[in-house]
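A.B. asks: Sequence and predicted structure, then a few things I'm wondering about:
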There are 2 protein chains.
Amino acid sequence: MDKQQLIDCHHRIKPFIHNTPVLTSRLIDTMMGCSLYFKCENFQRMGAFKMRGAANAIMQLSEAQKQNGVVTHSSGNFAQALSLAAQSLGVKAYIVMPNSSPQVKINAVKGYGGIVMECEPTLEAREQASKQIEEEKGATFIHPSNDDDVILGQGTACMELLEVYPDLDYVVTPVGGGGLVAGTALAVHYFGKSCKTIGAEPFEVDDAYRSLQSGHIETNASINTIADGLKTQLGDRNFPIIQQHVEQIIRVTEEEIVAAMRLLWERLKIVCEPSSAVAFAAVLKEKNQFTDKKIGIIISGGNVDLNHLPFNKN
Amino acid sequence: MDKQQLIDCHHRIKPFIHNTPVLTSRLIDTMMGCSLYFKCENFQRMGAFKMRGAANAIMQLSEAQKQNGVVTHSSGNFAQALSLAAQSLGVKAYIVMPNSSPQVKINAVKGYGGIVMECEPTLEAREQASKQIEEEKGATFIHPSNDDDVILGQGTACMELLEVYPDLDYVVTPVGGGGLVAGTALAVHYFGKSCKTIGAEPFEVDDAYRSLQSGHIETNASINTIADGLKTQLGDRNFPIIQQHVEQIIRVTEEEIVAAMRLLWERLKIVCEPSSAVAFAAVLKEKNQFTDKKIGIIISGGNVDLNHLPFNKN
């Protein structure tokens, strides 16, 4: 994927996304001894960067494909993103969700116009249900992270960040399925000066860290993390980009994630997901590495359940 | 207070404040049938608009006055604002706080460099302690809301909002001591096109509503509201401005405040105080009045205790 593809992608999706604000905090900077620039994708439409990739993927379909709609299986932000992007573009979105999904998530997808198809809560059932929709409806399957158009779309958040702060030393993102970190790494490669991309992930799901060490895609034996957006694994489209362009993966504990999340809520005054806090937790943890540097952090999303916050001990 | 004073004030305090972002939400706009522009003073330094007025008031002192420091009595945001503004300007700030204040608030003031002077938790003891510091230290007393320089400072948030969105039909702010609504009303008067200022307050502390009706400053018999920033009453400096320039006061219930606050956290993804939610609650309540209008809302602050959120029912 080249520079021009990123530029074209950004131009294409602009009418359908927010150019989200970048927040800074003198207090956090003083505490850390560096300058932090928080790109707030929690303020993105439907509350996460996933809107970018979803919009781009649908816009790259032929008119015939658009007529038949799109399908994905997800119970998280990509389900909502694909639904809203499809609705904005007048396309049908079939969302395969496990029948164990919380009603609030099903309602959110329906609220954005998605057509929910429930299935048994196994990966096999999901894939089968989604295959069936591809066959019956002629719908195009769109993967949440392992898709070139999705990767390009996710990279546009970092492009916008570098437009405003062109001389960042690092951009740090959380790593889940790898779409965001791969897109960011491409944007940093093409638009940064001497900037490097760093990924952050929980120790509990450190498949990206291990994959970079072993040289092939590793899986997670268990997914016991509060960062529910990061439980997925890398794919063959984004892994080579990550291998080539991501400098380092920093791993953090569950306690470090919650502490970082609390700091973002208390000091930056933003509602963000545990997954978003993972990137900030990484910088907090490796504070010395970042002294006097300019660091962009992608706050990936803000969809949380206010009834179940990790720092609420009444 | 004239237009030029507002312009000079804004120019003066600019290096010490954030020009805070204005957030919008297509989803909320669609739900409401109007266009809302949220001026996010929860992102202001120390987490509230009070930083503006505090900075301006200190900067207007003579060098001799600055040498002797400033004093106020407050346990809320103005205590933190005066402390931080004073610290930024190399001035001492004595903050009289009731000895019943939560330790977290005392620590916040100390964290911003304020010199905390504890007193008994009565208005009489506060005023006496603060008088004593004026006499002993030669410090200048600065009132949180009933002070021309404070009022001008608070008005700069609305100036910035109107710079970006000059054709607003309404600007809505919460009403507590009256500094924010008075400053906003001046900014709307001098910089708005055909814009009007609306105040919002809880039924539980509707002194401003009753004051506008009776024509003199009314007090609250009880102050039983979740909007803890709005328990104070109007003063002789801001009341005449409010009488002249505020179109209307809308009152809301405690339930309406919490519902509005939840919507701001869930949909706008911001951490804001109950007091901030009062302005949005007013627009939600009188939805029909605002159909197809462009409405600015001042989100006044974001200092909340994450351990005690009103919508947390685990």
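C.D. replies: Good, I have the coordinates. Numbering: from 1, shown residues only, chains lettered A, B, ... in the order given.
A.B. asks: Rounded mean pLDDT for stretch A:295-313, please.
C.D. replies: For stretch A:295-313, mean pLDDT is 89.
A.B. asks: How about stretch A:149-160?
C.D. replies: Here the average pLDDT along stretch A:149-160 is 98.
A.B. asks: Any residue of that stretch touching chain B?
C.D. replies: No - judged by CB under 8 Å from any CB of the partner chain, stretch A:149-160 makes no contact with chain B; its nearest approach is 13.9 Å. Just so you know, the C-beta spots here come from the backbone N, C-alpha and C atoms, and that holds for glycine as well.
A.B. asks: what about A:Leu152, is that helix, strand or coil?
C.D. replies: When classified by DSSP: H, G, I helix; E, B strand; the rest coil, A:Leu152 comes out as helix.
A.B. asks: contacting residues for the most centrally placed residue in chain A?
C.D. replies: Centroid-nearest residue in chain A: A:Leu180, 4.8 Å away (criterion: CA atoms, centre = their mean). If you count contacts by CB atoms under 8 Å, 6 or more residues apart in numbering or on different chains, A:Leu180 has them with A:49, A:145, A:154, A:157, A:173-174, A:298, A:300.
A.B. asks: A helix includes it, no?
C.D. replies: Yes - under three-state DSSP, A:Leu180 falls within a helix.
A.B. asks: how close does it get to chain B?
C.D. replies: A:Leu180 sits 17 Å away from chain B, going by CB to the nearest CB, to the nearest Å.
A.B. asks: now that residue: how far from A:Val278?
C.D. replies: For A:Leu180, the distance to A:Val278 equals 11 Å [CB to CB, to the nearest Å].
A.B. asks: now do A:Phe43
C.D. replies: Distance from A:Phe43 to A:Val278, by CB to CB: 18 Å.
A.B. asks: Could you do A:Leu263 as well?
C.D. replies: Applying CB to CB, the value for A:Leu263 to A:Val278 is 13 Å.
A.B. asks: re earlier: can you give me the pLDDT of the residue nearest to the centre of chain A?
C.D. replies: 98.
A.B. asks: returning to what we had before: compare neighbour counts for A:Phe43 and A:Val278 and give me the winner.
C.D. replies: Ranked by neighbour count (other CB atoms under 10 Å in any protein chain shown), A:Phe43 and A:Val278 place A:Val278 first, with 32 against 26.
A.B. asks: give the contact list for the more buried one.
C.D. replies: Applying CB under 8 Å, 6+ apart to A:Val278 gives the contacts A:174, A:200-202, A:227, A:230, A:252, A:257, A:260.
A.B. asks: just A:Glu127 next, same as before
C.D. replies: A:His73.
A.B. asks: Report the buried residues of the strand or helix carrying it.
C.D. replies: Taking DSSP states H and E as the definition, A:Glu127 sits inside helix A:123-137. Buried residues in helix A:123-137, counting neighbours by 16 or more other CB atoms under 10 Å in any protein chain shown, are found at A:125-126, A:129-130, A:133-134.
A.B. asks: For the closest residue to A:Val96 other than its chain neighbours, report the pLDDT, please.
C.D. replies: Spatial nearest neighbour of A:Val96, excluding adjacent residues (CB to CB, 6 or more residues apart in numbering or on different chains): A:His73 at 3.9 Å. We have a pLDDT of 92 for A:His73.
A.B. asks: do the same with the one 3 residues further on
C.D. replies: Among the per-residue scores, A:Gly76 shows a pLDDT of 87.
A.B. asks: sorry, back to before: between the contacts of A:Leu180, which sits nearest chain B?
C.D. replies: The nearest member of the contacts of A:Leu180 to chain B, counting by CB to the nearest CB, is A:Ser300 at 11.8 Å.
A.B. asks: Was I right to think the closest one contacts A:Val172?
C.D. replies: No - counting by CB atoms under 8 Å, A:Ser300 does not reach A:Val172; the two are 10.9 Å apart.
A.B. asks: More neighbours: which of those two?
C.D. replies: Shown here are A:Ser300 and A:Val172; by other CB under 10 Å, A:Ser300 has more neighbours (31 against 27).
A.B. asks: where does the residue lying closest to A:Asn99 once chain neighbours are set aside fall, helix, sheet strand or coil?
C.D. replies: In this structure, A:Asn99 finds its nearest non-sequential neighbour in A:Glu118, 4.3 Å apart by CB to CB, 6+ apart. Put simply, A:Glu118 is strand when judged by three-state DSSP.
A.B. asks: Which parts of chain A are strands?
C.D. replies: Using DSSP state E, the strands of chain A run over A:22-23, A:35-40, A:70-73, A:93-98, A:115-119, A:140-141, A:170-174, A:196-202, A:246-252, A:294-299.
A.B. asks: highest average neighbour count across those?
C.D. replies: Most buried of the strands of chain A by mean neighbour count (mean count of other CB atoms under 10 Å in any protein chain shown) is strand A:170-174; its value is a mean of 28.
A.B. asks: List the strands paired with it, with their directions.
C.D. replies: Using DSSP bridges, the strands paired with strand A:170-174 are strand A:196-202 (parallel), strand A:294-299 (parallel).
A.B. asks: Between strand A:246-252 and it, find me the angle.
C.D. replies: For strand A:170-174 against strand A:246-252, the angle by axes from the mean of the first three to the mean of the last three CA atoms, to 10 degrees is 50 degrees.
A.B. asks: got the angle for strand A:170-174 vs strand A:35-40?
C.D. replies: Going by the same axes, to 10 degrees, strand A:170-174 makes 40 degrees with strand A:35-40.
A.B. asks: and the angle from the helix or strand bottoming out on mean pLDDT in chain A to strand A:93-98?
C.D. replies: One helix or strand of chain A scores below all others by mean pLDDT, DSSP states H and E: helix A:103-111, with a mean of 90. With the same axes, to 10 degrees applied, the angle from helix A:103-111 to strand A:93-98 works out at 170 degrees.
A.B. asks: Contacts made by helix A:103-111 with the rest, please.
C.D. replies: Residues outside helix A:103-111 that contact it (CB under 8 Å, 6+ apart) are A:75-76, A:79-80, A:83, A:95, A:97, A:116, A:303, A:305.
A.B. asks: from the residues you listed, which ones fall inside helices?
C.D. replies: A:79-80, A:83 (DSSP state H).
A.B. asks: ok, of the residues you listed, which one's closest to B:Ile217?
C.D. replies: The closest of the ones in helices among the contacts of helix A:103-111 to B:Ile217 turns out to be A:Gln80 (CB to CB; 49.3 Å).
A.B. asks: what's near enough to touch the closest one?
C.D. replies: Contacts for A:Gln80 were tallied using CB under 8 Å, 6+ apart; they are A:46-48, A:50, A:108-109, A:112, A:114, A:303.
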